[in-house]
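Visitor: Give me coordinates for this.
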Amino acid sequence: MRKFCQTFFEDESGAISVDWIVLTVGVVCLGCLAVLTAQDGTFGLADSIRNVTSETGITPAAVTDR
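Guide: So this is what the prediction gives:
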């Protein structure tokens, strides 16, 4: 049993897989954070454009609600 535990703790064959999984999760989280950060500004810009176009009498080609 002692030899099994020693070889188990010394084996590094799966260490690279764990590194890639951690890096992938980090990149996905950063991507989600970027989208969530830009989302508020995009909705605010769309509302501003809608207000300006409605004040000037320009009608949009297609109106969709969020």
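
Visitor: contacts, neighbours, all on C-alpha from now
Guide: Will do.

Visitor: The longest helix anywhere in the chain - what's its average pLDDT?
Guide: Identified as the longest helix of the chain according to DSSP state H is helix 15-56. Taken as a whole, helix 15-56 has an average pLDDT of 87.

Visitor: so how far is that helix from its chain's centroid?
Guide: Between the centre of helix 15-56 and the centre of its chain there are 6 Å (Cα atoms, centre = their mean, to the nearest Å).

Visitor: Going forward, the N-terminal residue is numbered 42.
Guide: Sure thing, new numbering starts at 42, so read that last one as helix 56-97.

Visitor: Which other helices and strands does that helix contact?
Guide: Helix 56-97 sits against no helix or strand, with contacts defined as 3 or more Cα pairs under 8 Å, 6 or more residues apart in numbering; DSSP states H and E.

Visitor: and the residue sitting nearest the centre point of the chain, how far is that from G67?
Guide: By Cα atoms, centre = their mean, the chain has its centre lying nearest to C73, at 1.4 Å. Computed as Cα to Cα, to the nearest Å, the C73 to G67 distance reads 10 Å.

Visitor: Show the pLDDT at F45.
Guide: Note for F45: predicted pLDDT of 85.

Visitor: State the distance from it to V59.
Guide: For F45 relative to V59 (Cα to Cα), the value is 22 Å.

Visitor: can you check F84 too?
Guide: Using Cα to Cα, which is the criterion applied here, F84 is 38 Å from V59.

Visitor: Go ahead and produce PDB holding the CA coordinates of the strand or helix carrying F45.
Guide: For F45, the host element (DSSP states H and E) is helix 43-51. Below are the C-alpha coordinates for helix 43-51, written out as PDB (Å, rounded to 0.1, in the frame of the first residue of the first chain):
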ATOM      1  CA  ARG A  43       2.900   2.300   0.800                       C
ATOM      2  CA  LYS A  44       4.500   1.800  -2.600                       C
ATOM      3  CA  PHE A  45       1.100   2.500  -4.300                       C
ATOM      4  CA  CYS A  46       0.700   5.800  -2.500                       C
ATOM      5  CA  GLN A  47       4.300   6.800  -3.300                       C
ATOM      6  CA  THR A  48       3.900   6.100  -7.000                       C
ATOM      7  CA  PHE A  49       0.500   7.800  -7.000                       C
ATOM      8  CA  PHE A  50       1.900  11.000  -5.600                       C
ATOM      9  CA  GLU A  51       5.000  11.000  -7.800                       C
END
